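**Student:** Here is a sequence with its predicted model. Questions after.
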Amino acid sequence: MSAVMITRKVRKWEKLPGKNTFCCDGRVMMARQKGIFYLTLFLIVGTCSLFFAFECPYLAVHLSPAIPVFAVLLFLFVMAMLLRTSFSDPGVLPRALPEEANFIEMEIEAANGNVPSGQRPPPRIRNVQINNQIVKLKYCYTCKIFRPPRASHCSICDNCVDRFDHHCPWVGNCVGKRNYRYFYLFTLTLSLLTIYIFAFDIVHVVMRSVDQGFLNTLKETPGTYPFRSEYILCVCAPCFKDIRNHEDKTSHYCCG
């Protein structure tokens, strides 16, 4: 009786030569350096947990029960956008196969001719026409492809990413074509959550201070320090800086 050999089909993500890590059968894709991403989770979850534990019960009774409900919904949306940004494919471009890479190298050598020794070879650029405009595509020596416009090679993940914006260590992933909208929503809702918690921290302290005094309020409810939201700002500030840099680069491409 002959044995039947069953070969397992190799998935595409298992053959990616970059420096990413994969989980859940390739559905989760992140960079290998995830330490700051865990710090982001700790800051957001920790700050919101203190708010839910100390401020929300008092505010729900003395002000409105809608305050903790809206805070929970906002927190869940922030976490959903963070995880979607961190775990999704940012737009990795597949590398050229060995046969394709050899063919491209032969085309480049034929176009440039023999370069004398000691002289620097000309840059590898391919001109293509897009919307009646000539666009220069730069060659990636690692991926062996001519990158589309606004694509770039991430040195941390070692992949070419379509519409590459930046590598954000706070989310533990690159930000590109396929996850930029989630990154943008994450930063906006995180800022709204920070303002929301900061404002009701102050409201909570003021309402309790009327009856108990300011110092007694801080002693009895250690989670009411209004400056606790500054921990979340540690995440918001770099992310908004990245968005401003993206807008500056976008205007450069449009004007250029």
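**Tutor:** That came through fine.

**Student:** CA atoms for contacts and neighbours, from now on please.
**Tutor:** Will do.

**Student:** Counting neighbours, what do you get for residue 143?
**Tutor:** By other C-alpha atoms under 10 Å, the residues close to residue 143 number 20.

**Student:** what residues are up against the closest residue to it other than its chain neighbours?
**Tutor:** Nearest non-adjacent residue to residue 143, counting by C-alpha to C-alpha, 6 or more residues apart in numbering: residue 95, 4.7 Å away. Contact analysis of residue 95 by C-alpha atoms under 8 Å, 6 or more residues apart in numbering lists 143, 144, 145.

**Student:** Confirm for me that the last one is in contact with residue 139.
**Tutor:** Yes - the pair residue 145 and residue 139 passes the contact test of C-alpha atoms under 8 Å, sitting 5.8 Å apart.

**Student:** Compare these two (neighbour count), which wins?
**Tutor:** Taking neighbours as other C-alpha under 10 Å, residue 145 and residue 139 compare with residue 145 leading, 21 against 16.

**Student:** From residue 127, how far out is that one?
**Tutor:** 14 Å (C-alpha to C-alpha, to the nearest Å).

**Student:** So residue 77 versus residue 182, what's the distance?
**Tutor:** 11 Å.

**Student:** From the contacts of residue 95, pick the one nearest residue 196.
**Tutor:** residue 143 (45.0 Å; C-alpha to C-alpha).

**Student:** Assumed that closest one was part of a strand.
**Tutor:** No - counting by DSSP: H, G, I helix; E, B strand; the rest coil, residue 143 is not found in a strand; it is coil.

**Student:** Please name the residues that touch it.
**Tutor:** Residue 143 sits next to 94, 95, 96, 159, 160 when contact means C-alpha under 8 Å, 6+ apart.

**Student:** Please report phi then psi for it.
**Tutor:** phi -90, psi -10 (degrees, to the nearest 10).

**Student:** in the stretch 151-256 of the chain, which spans are strands?
**Tutor:** 152-154, 159-161, 166-168, 173-175 (DSSP state E, counting those that start in this stretch).

**Student:** With just CA atoms, put the helix or strand where residue 44 lies into CSV.
**Tutor:** Assigned by DSSP states H and E, residue 44 belongs to helix 35-50. What follows is helix 35-50 as a C-alpha-only set of coordinates in CSV (Å, rounded to 0.1, in the frame of the first residue of the first chain):
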residue,chain,number,x,y,z
GLY,A,35,7.8,47.5,22.5
ILE,A,36,6.4,51.0,22.0
PHE,A,37,3.1,49.6,20.7
TYR,A,38,2.7,47.8,24.1
LEU,A,39,3.4,51.1,25.8
THR,A,40,0.7,52.7,23.7
LEU,A,41,-1.8,50.1,24.9
PHE,A,42,-0.7,50.5,28.5
LEU,A,43,-1.1,54.3,28.4
ILE,A,44,-4.6,54.2,26.8
VAL,A,45,-6.0,51.3,28.8
GLY,A,46,-4.5,52.4,32.1
THR,A,47,-5.7,56.0,31.8
CYS,A,48,-9.2,55.0,30.8
SER,A,49,-9.4,52.4,33.5
LEU,A,50,-8.6,55.0,36.2
